[in-house]
Structures are given as structure tokens and as C-alpha cells.
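K.L.:
For reference, the sequence and a predicted model appear below.
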Amino acid sequence: MSVSRVDRVFERRLAALTNSREHHLLARGSRGIERESLRVTPAGRIVHTPHPASLGSALTHPHITTDYSESLIELVTPTFSDNAALLDYLRDLHQFVYRRIGDELLWASSMPCELSGDDDVPIARYGHSHQARVKYIYRHGLKVRYGGMMQAISGVHFNYSVPESFWLLYAEICESRTPGREFTSARYFDLLRNYRRHGWIVSYLFGVSPALCRSFIQGPDLAGLEPLGADTLIGPHATSLRMSDIGYRNRNQTAVSVSVNSLQQYLDDLRRAIHTPHPPFVALGVKRDGEYQQLSGSALQIENEYYSYVRPKRTPRPGERTARALARAGVEYVEVRALDNSAFDPVGVNLRKLYFLEALLLVLLFKDSPLIDDREEEEIERNHLLVARRGREPGLALARDGRAVSMRSWAAELLDSMEGICELLDASHPGRPYGASLREQALKLEDVEHTPSARLLRELRQHGESFETLGLRVSRAHKEYFTDSLPPELVRTREFEGEVQQSLRESASIEAARSGSFEDYLAAYLAD
């Protein structure tokens with residue numbers, strides 16, 4: 001079951017970086033956070049009120065918007081070159097929201113509160129413009145395809161880009177004679193392939209959704225979960241049910257295969273899925289009684305529907321779809337989407353996680369990254385699901401190159417490979433936070449009780465609580481922290497207030513500028 005492996009490519013690249021006088025460039029990457037959370041009543045029920053006008057327009061506000069549901073708020077930070085500054089901004093943004101949603105709470109966990117069915121999750125609305133209508137129809141399509149309750153699951157996305165000034169140095173390290181857009185995109189795809197191979201470690205270390213409300217599972221089949229009391233279901237060894245076949249890795253999504261062997265293959269596969277009719281979705285109808293049910297009957301309505309653990313991204317121009325942006329200018333950054341809301345952290349994430357993720361992504365960039373064939377793709381998918389469902393199971397084995405290997409041994413090997421990068425990143429930080437975070441994660445391998453998923457189950461049992469009661473208790477504590485304990489940052493509050501008013505003006509302008517038929521607008525939007 002040993003998995004020890006020497007990666008000569010990684011060792012050579014790391015040595016070249018260490019010996020370079022410019023390795024300090026590595027520490028200047030950009031990072032940002034997108035955090036989703038359900039708005040709930042003081043009693044812990046999903047709200048059905050519109051997105052608060054006091055938070056601006058969800059269509060045009062750059063930092064406060066909604067995801068699938070009118071009740072599912074999404075907070076988006078700008079990019080920062082420092083993790084602590086990023087977390088400070090996210091904290092201020094949360095406080096601004098909490099002080100403007102009355103007695104409502106932001107649900108602390110990724111798995112939702114008690115729901116009464118798909119119709120209990122109101123679809124987000126963005127106004128009456130053509131742009132707003134497309135966003136609504138797309139979300140309605142998600143409901144008819146997968147159900148509304150699955151869309152109530154929330155999470156955290158970590159966006160990261162290597163500093164632009166680093167790419168010339170890395171081209172020298174890789175002995176490439178063609179630095180530039182194509183080189184950068186190819187190296188980001190090295191990272192994407194390696195995240196697919198190794199990203200299950202994120203679910204083990206940071207997954208915190210091993211339990212859910214009984215109402216989330218419709219019907220008598222418990223989907224392999226066990227009851228804990230009358231209202232809670234748990235995976236006894238689960239780390240992230242959100243990232244399992246119960247959540248985002250559902251059967252319909254796994255039928256869509258998108259390669260990360262190159263940018264061109266990635267775009268070709270997305271394009272094929274967007275233009276290939278999928279009989280079950282065709283049967284749902286695009287229109288019914290004159291009303292749009294979905295954007296199309298294809299396997300994907302648009303590329304955003306494809307759920308992946310990590311995505312290549314490029315900031316789109318106004319009205320531009322993300323795939324077009326990638327085709328136009330290549331990869332700008334990567335978006336890690338596999339993060340549960342950290343239920344015990346008021347902003348859903350903490351500094352230690354940010355330091356670790358940054359170092360992990362850099363290691364995955366530097367590691368050898370051969371192309372992924374169909375056999376390995378099956379291994380990868382199975383490994384992610386195994387860790388999501390059974391990650392804390394003693395003796396859990398994963399598949400690597402066709403062999404059964406110890407999950408913990410493989411994870412330990414990966415953490416060992418991160419030490420050199422952490423040392424380089426710590427060189428500009430007196431507190432050496434990267435190494436400290438790495439040591440903290442190593443403790444989770446030594447004892448599964450240190451994992452956040454184990455902590456959540458432990459709290460359920462020790463307090464004799466249901467998942468709903470625990471979620472409500474923690475959500476209330478977070479609100480008290482922001483409204484009673486944390487003094488407001490006045491300069492940033494004025495900045496946020498200005499953005500609210502600006503977003504309302506922009507939204508009104510878009511409404512006023514509407515012209516032409518919606519059908520023509522939609523055809524142009526969906527065209528390649």
C-alpha cells in the first residue's frame with residue numbers, strides 16, 4: 001500500500017526556483033474569495049423575501065449578489081496580494097450585510113437548513129432586462145434538471161493567480177522558449193490536472209459537511225446515510241457530503257466529461273456539451289405554455305452549469321460568456337470550487353486555510369503533470385467521491401495508477417512535498433504562517449478527530465442536537481459577532497454604501513436601455 005514516489009520534474013523546478021534570486025516573486029500572487037450563504041429566519045427557515053434593496057442590485061453590484069436563489073447570497077471580494085488583507089475585507093463585507101438584513105441570519109453550513117421541497121427555494125430574480133431574464137431562465141433550468149434543493153447547497157470559492165511577473169522566470173525554469181499567453185495557459189492546465197489528481201485532500205482536510213437535515217433526502221432511501229436522531233442524517237466517516245454524489249457530483253453532471261488536457265480540448269468539450277441535445281433534458285421542453293423552462297435541451301445550458309472541483313477562468317468583458325473570454329485571452333486565474341463553508345468561522349473561511357491553499361496550488365503547478373486518459377479519469381472521480389463519503393474511514397484506500405494505495409500515506413507524501421514551497425513563501429512573512437498551516441494539516445492526518453468534519457459530528461453528539469439546531473446555534477453566534485462584538489470599519493462602510501447606490505443606478509440604466517426582442521438577444525448570447 002506504499003505510495004512513495006519521486007517526482008524528478010518537481011524536484012528540478014523547485015531547486016531552480018530556490019536558487020533563483022527572484023523566488024520572492026512567488027509571494028505576490030492574487031487571491032480572492034466568493035462565499036455563498038443562505039439567508040434564513042431567526043427560527044432557521046429559508047427566507048422567501050427578495051434580495052434586500054439595502055444591499056443594492058444583485059445584477060450589477062460587484063461584491064454583493066445572489067447565486068441560484070433569491071435567498072442564497074454571494075459575497076465576492078476583490079483580489080488581494082495578501083491573505084490577511086483579503087480576510088479583513090471579507091469580514092468587513094459580512095458585517096455590512098449583517099447590519100442590513102434585519103433579524104435574518106446567514107446559514108453557517110454548506111448543507112442547507114430544513115427545506116420542504118424544491119419550491120421552498122426561490123429562484124433568484126434580477127429585473128426585467130434581457131440580461132436579467134437569461135439569468136433567471138438559466139436558474140429555472142437548473143431547477144427542472146436537478147431540483148431546487150440541490151441548488152440551496154452553498155460553499156466557498158478560492159480564486160488564485162500566479163503573479164504576472166513570475167511567468168518569465170517560470171518559463172526559464174521550464175526551459176521554454178515561448179513565454180506568453182499560450183505558455184501561461186498550458187501551465188495553468190498543468191495545475192488543473194494535478195488538482196484533479198490530488199484535490200481530494202481538500203475534502204479530507206477542510207470538508208465540514210458530514211451531516212444534513214433529513215428533509216434534504218426525499219423518500220425512504222437514505223442514500224447510504226445513517227440517522228442521528230429523528231431529523232438528521234450523517235455519513236459516519238464522511239468529510240464533505242456537499243462534494244459527494246448527494247451534492248454536486250450528481251449523476252446527471254457526471255455524464256458530462258470535460259478534458260483539462262489543454263485549453264483547446266477544454267473549450268471543445270464544453271462547446272460540444274452545450275450544443276449536444278441530452279434526451280432527458282430535451283423531454284423537459286425549452287418552452288412550456290409560452291414560458292421558458294430552460295435555455296436549451298443540451299447537456300449543458302451554458303458552461304457555468306458544468307460543476308468541476310477547479311476551473312480555469314478569465315475575467316469576461318460585459319455580456320461575454322466565460323468560455324469566450326478564455327478563448328479570447330487564455331487563462332487568467334484558477335477557481336477552486338471544492339471548499340465547504342467553514343461552519344465554525346464567521347466568514348466561512350480562515351487564514352490557515354488560505355495559506356495552505358495557496359501553497360498547495362503552487363506545488364500542483366510545479367509538479368509533473370502528464371495528460372489524463374479515460375482510465376485515470378475514472379480513478380480520479382472515484383477517489384474524490386470516496387474521500388467525500390468515507391474520508392475518515394480507517395484504512396481507506398484510493399486508486400493510483402491502477403493500484404490500491406493508502407489515502408493517508410498519499411496525503412502525507414503530498415504534504416511533505418509542500419515544505420519547500422512553504423519555506424519560500426514564509427521568507428517574506430516573519431510569523432511563517434505557511435509552515436504553521438502545513439503543520440496543522442499534518443495533525444489531521446495523524447488523528448482524524450482534528451478534522452472539521454469530525455468536529456461537527458462530535459458537536460452534534462455532545463450537545464445532543466439535530467443538524468438544524470446546531471446550524472442555527474452557530475449562525476446566531478456569527479450574527480452576534482458581527483453586530484455586537486465587532487466595531488464597524490467606517491471608511492469601508494462608506495465605500496460599500498457608495499457601491500450599493502451605484503449598483504442601483506447601473507441596474508436602472510440597463511433596464512432603460514433594453515431594446516430588440518429577447519429571442520434575438522438569447523440567440524446571440526448562446527452563439528459561439
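P.N.:
It's in.

K.L.:
Counting neighbours, show which residues of the strand ranked longest in the chain come out buried.
P.N.:
Using DSSP state E, we find that the single longest strand of the chain is strand 30-40. Residues of strand 30-40 classed as buried by neighbour count (16 or more other CB atoms under 10 Å): 30-40. Where C-beta positions appear, they are placed from N, C-alpha and C, glycine not excepted.

K.L.:
V47 contacts T41, correct?
P.N.:
Yes: counting by CB atoms under 8 Å, V47 touches T41, with 5.8 Å between them.

K.L.:
Quick check: mean pLDDT of stretch 336-345?
P.N.:
Averaging the model's pLDDT scores along stretch 336-345 yields 96.

K.L.:
before we move on, what about stretch 180-190?
P.N.:
Here the average pLDDT along stretch 180-190 is 96.

K.L.:
in the stretch 51-200 of the chain, which spans are helices?
P.N.:
Counting by DSSP state H, counting those that start in this stretch, the stretch 51-200 of the chain has these helices, from start to end: 83-98, 130-146, 166-173, 181-198, 200-206.

K.L.:
Deepest-packed of those helices, please.
P.N.:
Mean neighbour count, computed with mean count of other CB atoms under 10 Å, is highest for helix 200-206 among the helices of the stretch 51-200 of the chain, reaching a mean of 26.

K.L.:
Find the nearest non-adjacent residue to H157, please.
P.N.:
Taking CB to CB, 6 or more residues apart in numbering as the measure, H157 lies nearest to E34, with 4.1 Å between them; neighbours along the chain are not counted.

K.L.:
show me what contacts the one you found?
P.N.:
Contact partners of E34, counting by CB atoms under 8 Å, 6 or more residues apart in numbering, are 74-77, 156-157, 159.

K.L.:
If you rank these by neighbours, which is first?
P.N.:
With neighbours taken as other CB atoms under 10 Å, the top of those is V156, carrying 25 neighbours.

K.L.:
what about the closest residue to that residue other than its chain neighbours, neighbour count?
P.N.:
Closest residue in space to V156, ignoring its immediate chain neighbours: L339 at 4.2 Å, by CB to CB, 6+ apart. Burial of L339 is recorded as 27 neighbouring residues (other CB under 10 Å).

K.L.:
Lowest-scoring secondary structure element of this protein by mean pLDDT?
P.N.:
helix 251-254 (a mean of 50; mean pLDDT, DSSP states H and E).

K.L.:
and the gap between I64 and A454?
P.N.:
As for I64, its distance to A454 is 33 Å (criterion: CB to CB, to the nearest Å).

K.L.:
Those two: which is more packed in?
P.N.:
The residue with the greater number of neighbours, taking I64 and A454 and applying other CB under 10 Å, is I64; the counts read 24 against 19.

K.L.:
so that one makes contact with I73?
P.N.:
Yes: taking CB under 8 Å as the contact criterion, I64 and I73 are neighbours in contact, 7.2 Å apart.

K.L.:
if I look at these two, which residues touch both of them?
P.N.:
Residues touching both I64 and I73 by CB under 8 Å, 6+ apart: 55, 97.

K.L.:
can you give me the offset of the helix or strand where E377 lies from its chain's centre?
P.N.:
Per DSSP states H and E, E377 falls inside helix 374-390. Taking CA atoms, centre = their mean, to the nearest Å, the mean C-alpha location of helix 374-390 is offset from the chain mean by 18 Å.

K.L.:
Send over it as PDB, restricted to the C-alpha atoms.
P.N.:
The C-alpha atoms that make up helix 374-390 are tabulated as PDB, following Å, rounded to 0.1, in the frame of the first residue of the first chain:
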ATOM      1  CA  ASP A 374     -10.000   7.800 -19.600                       C
ATOM      2  CA  ARG A 375      -8.700   5.200 -17.100                       C
ATOM      3  CA  GLU A 376      -7.200   7.800 -14.900                       C
ATOM      4  CA  GLU A 377     -10.200  10.000 -15.200                       C
ATOM      5  CA  GLU A 378     -12.300   7.100 -13.700                       C
ATOM      6  CA  GLU A 379      -9.800   6.700 -10.900                       C
ATOM      7  CA  ILE A 380      -9.900  10.400 -10.200                       C
ATOM      8  CA  GLU A 381     -13.700  10.600 -10.000                       C
ATOM      9  CA  ARG A 382     -13.800   7.600  -7.700                       C
ATOM     10  CA  ASN A 383     -11.100   8.900  -5.400                       C
ATOM     11  CA  HIS A 384     -12.900  12.300  -4.900                       C
ATOM     12  CA  LEU A 385     -16.200  10.500  -4.100                       C
ATOM     13  CA  LEU A 386     -14.600   8.100  -1.700                       C
ATOM     14  CA  VAL A 387     -12.900  10.800   0.300                       C
ATOM     15  CA  ALA A 388     -16.100  12.900   0.300                       C
ATOM     16  CA  ARG A 389     -18.200   9.900   1.500                       C
ATOM     17  CA  ARG A 390     -15.700   7.900   3.600                       C
END
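
K.L.:
right, and the helix or strand after it?
P.N.:
Following the chain from helix 374-390 toward its C-terminal end, the next helix or strand by DSSP H and E is strand 397-400.

K.L.:
Tell me the buried residues in the helix ranked longest in the chain?
P.N.:
Scanning the chain for the helix with the most residues, using DSSP state H, yields helix 490-512. For helix 490-512, the neighbour count (16+ other CB under 10 Å) marks 492, 496, 499-500, 503-504, 506-507, 510 as buried.

K.L.:
The helix or strand following it packs against which elements?
P.N.:
As assigned by DSSP H and E, the chain's next helix or strand after helix 490-512 is helix 518-526. For helix 518-526, the contact count by 3 or more CB pairs under 8 Å, 6 or more residues apart in numbering; DSSP states H and E identifies helix 130-146 as packing neighbours.

K.L.:
so the helix it packs on versus helix 490-512, what angle?
P.N.:
Between the axis of helix 130-146 and that of helix 490-512 there is an angle of 90 degrees, by axes from the mean of the first three to the mean of the last three CA atoms, to 10 degrees.

K.L.:
Report the residue spans of the stretch 51-200 of the chain with pLDDT below the cut-off.
P.N.:
Along the stretch 51-200 of the chain, no part satisfies pLDDT under 70.
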